[in-house]
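Q: can you look at this prediction? I've put the sequence above it.
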Amino acid sequence: MVTFEVKNPKTALPPLREFLTEAGGWAPLLRPLQLGRLLAPLLGVDFFDVAALEQAGLSIEAPMTLSFQEEATVLCASGTKAAQAVERARKQFSGAGQAAKEKHLGALLEGSAAGRIWREGIATKGAQVCFASGGSDALAALRSAAQAMGGAGLGATAAVKAAAGLDAPVMGYFQSHEASGAFEVHATRTALKVVGRMLPRQVEIERPRTSDALGSFEPEALAVVRAVLTPKAMSDPDGPLERGVGFLVSQACRGFDAVTANRLLAGLRPQLTGSVGLVVKGLDSTAAGERGGQYFLVSHAYVLPVKDADAARAALESGLNAIKAKGVQVVAGSEGAQWSVPVGRHALHVGIASGALVVANDAGARDVALAALRGSKPGKLPHALAFKVDGPLATAALRRISLLDVPKSPELAGLFGFGVEAGSLLKACGPIAGFADPDGGGLRFEAGLALGAKP
């Protein structure tokens, strides 16, 4: 669940409207008139138009919350001319289904239903009103809203706790099984920035060290991530090294399991420093539907600096020899300390070079990472985790996916749709960057983008 709190719509919404108007020049779905009507359908107005909100019966001086729930999208406001807003909403959903009504926790719930399922509806309690629509179960969303009217608030307690130190006119709260958090939204006509705090179940990054092998690691690629992981994260089953070797074990070595992967990594783990670099070179739509297709769809390489290159090389070679003894083909590279394991027409590439372990699913991504690694000088990373996405390169990669690729996999269908809607916007953004650092048992993060000239 993600909830936005607009503390003062009169001052907070105009900057967002300006940004969306500018961004809508590249991505029509972001134009405020279209997006705003999707957010307030029962009022029939543009949510980002403060004059229209006030005319519909909402106070533009009082806080509003907008919550995206699994059951429906819910817009709540207080200090409203309740009768006017409610009557407007009733007209919107009248005739859309059977009229339904119930009391819940002191709030009156009204809506249109098809059988037991409410398509949309409103909840009122004193000067508070909530509108639910655009989901599978408006009644469940309205009951949740009625509970919030009792003082709990739409933002989950853990998410609100994460907001300590944050106080922007537009606040967002999110809650999932893995993390709770809060963030500020800052907008100008040409820029958008998000600053926030997250309370994850496990903090997996730690503060940068004075000297890091990836200190100036800056490949020219679609996306680059640099991070300093905790010792636990380096041995986590979902970590980058485990995923790379896990793929080799599960795809190249049929019948092997996670125990085999752990055995292969036993000699390498003591050599890892905790720093990780990820380089994304592009997309390979031809991989869809093939063996290991999901793994090869995004062409990437991981770079993990090691403490002792010779010891790491020996450990890696020992593990590869064990796999080779099982009848799996392992091909030695021409530059030494580089190997590949063919998988269909693709290959998993591993090796030790310039003091780092490299695990890649694409030779081109590997070469980009190695070139940047050779030019990198040790230094202190500015943040525990940092990322940068090259908007124009991302657009170019997305546009290589054609309509004929869509039936091949759900992933390609999603990427194609995203490219159609946001490809031009990504190109206009140039670099999109962000970072995160440990902060009092949680993480503090920031991300932002700036738009170029209008098309």
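A: Alright, I've got the coordinates. Numbers count the residues shown, from 1 in each chain.

Q: and for the longest helix seen in the chain, what are the contacting residues?
A: In the chain, with assignment by DSSP state H, the single longest helix is helix 410-429. Helix 410-429 is contacted from outside by 23, 26-30, 283, 285, 288, 294, 297, 389, 391-392, 394-395, 398-399, 401-403, 405-407, 432, 449-452, 455, using Cβ atoms under 8 Å, 6 or more residues apart in numbering. Backbone N, C-alpha and C define where each C-beta goes, glycine included.

Q: quick check: end-to-end length of stretch 388-405?
A: 27 Å (Cα to Cα, to the nearest Å).

Q: now what about that stretch, what contacts it?
A: 221-224, 282-283, 285, 288, 412, 415-416, 418-419, 423-424, 426-433, 449.

Q: what do you get for stretch 3-16?
A: Outside stretch 3-16, the residues that reach it (Cβ under 8 Å, 6+ apart) are 32, 47-50, 53, 58, 60-68, 154-155, 159, 169-174, 185-189.

Q: just the strands in the stretch 101-250 of the chain please.
A: Counting by DSSP state E, counting those that start in this stretch, one finds strands in the stretch 101-250 of the chain at the ranges 107-114, 117-125, 128-133, 170-175, 179-187, 191-200, 223-228.

Q: picking that back up, just the angle between the longest helix of the chain and strand 191-200, please?
A: Put simply, helix 410-429 runs at 130 degrees to strand 191-200, going by axes from the mean of the first three to the mean of the last three Cα atoms, to 10 degrees.

Q: Pro41 should be in a strand, yeah?
A: No. Using DSSP: H, G, I helix; E, B strand; the rest coil, the secondary structure at Pro41 is coil, not a strand.

Q: then Gly277 would be within a helix, right?
A: No. Counting by three-state DSSP, Gly277 is not part of a helix but strand.

Q: beta-bridge partners for it, please?
A: Arg226, Val303 (DSSP bridges).

Q: how about it, what does it touch?
A: Contact analysis of Gly277 by Cβ under 8 Å, 6+ apart lists Leu214, Phe217, Val224, Val225, Arg226, Ala227, Tyr302, Val303, Leu304, Ala369, Leu373.

Q: reformat these as JSON lines; add distance to Leu381, neighbour count and pLDDT.
A: Putting the contacts of Gly277 into JSON lines (distance: Cβ to Cβ, whole Å; neighbours: other Cβ atoms under 10 Å; pLDDT from 0 to 100) gives the following:
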{"residue": "Leu214", "distance to Leu381": "7", "neighbour count": "25", "pLDDT": "94"}
{"residue": "Phe217", "distance to Leu381": "9", "neighbour count": "23", "pLDDT": "95"}
{"residue": "Val224", "distance to Leu381": "12", "neighbour count": "22", "pLDDT": "97"}
{"residue": "Val225", "distance to Leu381": "11", "neighbour count": "18", "pLDDT": "97"}
{"residue": "Arg226", "distance to Leu381": "6", "neighbour count": "25", "pLDDT": "96"}
{"residue": "Ala227", "distance to Leu381": "8", "neighbour count": "24", "pLDDT": "95"}
{"residue": "Tyr302", "distance to Leu381": "16", "neighbour count": "24", "pLDDT": "92"}
{"residue": "Val303", "distance to Leu381": "13", "neighbour count": "28", "pLDDT": "94"}
{"residue": "Leu304", "distance to Leu381": "14", "neighbour count": "27", "pLDDT": "92"}
{"residue": "Ala369", "distance to Leu381": "17", "neighbour count": "28", "pLDDT": "95"}
{"residue": "Leu373", "distance to Leu381": "15", "neighbour count": "22", "pLDDT": "93"}
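
Q: out of these, which two sit at the greatest distance?
A: Using Cβ to Cβ, the contacts of Gly277 span at most 15.5 Å, a distance reached by Ala227 and Leu373.

Q: circling back to that earlier point, now distance to Arg197 too, for the contacts of Gly277, in a markdown table please.
A: Below are the contacts of Gly277 laid out as a markdown table (distance: Cβ to Cβ, whole Å):
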| residue | distance to Arg197 |
| --- | --- |
| Leu214 | 25 |
| Phe217 | 27 |
| Val224 | 24 |
| Val225 | 20 |
| Arg226 | 21 |
| Ala227 | 18 |
| Tyr302 | 28 |
| Val303 | 29 |
| Leu304 | 28 |
| Ala369 | 32 |
| Leu373 | 33 |
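
Q: selecting buried members of the contacts of stretch 388-405 in PyMOL, what would you type?
A: Buried residues among the contacts of stretch 388-405 (16 or more other Cβ atoms under 10 Å), as a PyMOL selection:
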select buried, resi 221+222+223+224+282+283+285+288+412+415+416+419+423+424+426+427+428+429+432+449
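
Q: quick one: residues contacting Ser59.
A: The neighbours of Ser59, taking Cβ under 8 Å, 6+ apart as the test, are Ala77, Ser78, Gly79, Thr80, Lys81.

Q: farthest pair in these?
A: Ser78 and Lys81, at 11.6 Å, using Cβ to Cβ across the contacts of Ser59.

Q: between the two, which is the more surrounded one?
A: When Ser78 and Lys81 are compared on other Cβ atoms under 10 Å, the one with more neighbours turns out to be Ser78, at 18 against 15.

Q: quick one: pLDDT of Leu278?
A: Note on Leu278: pLDDT of 95.

Q: cool, and Ala187?
A: As summarised for this prediction, Ala187 has a pLDDT of 96.

Q: what about it, how many neighbours?
A: Ala187: 22 surrounding residues under other Cβ under 10 Å.
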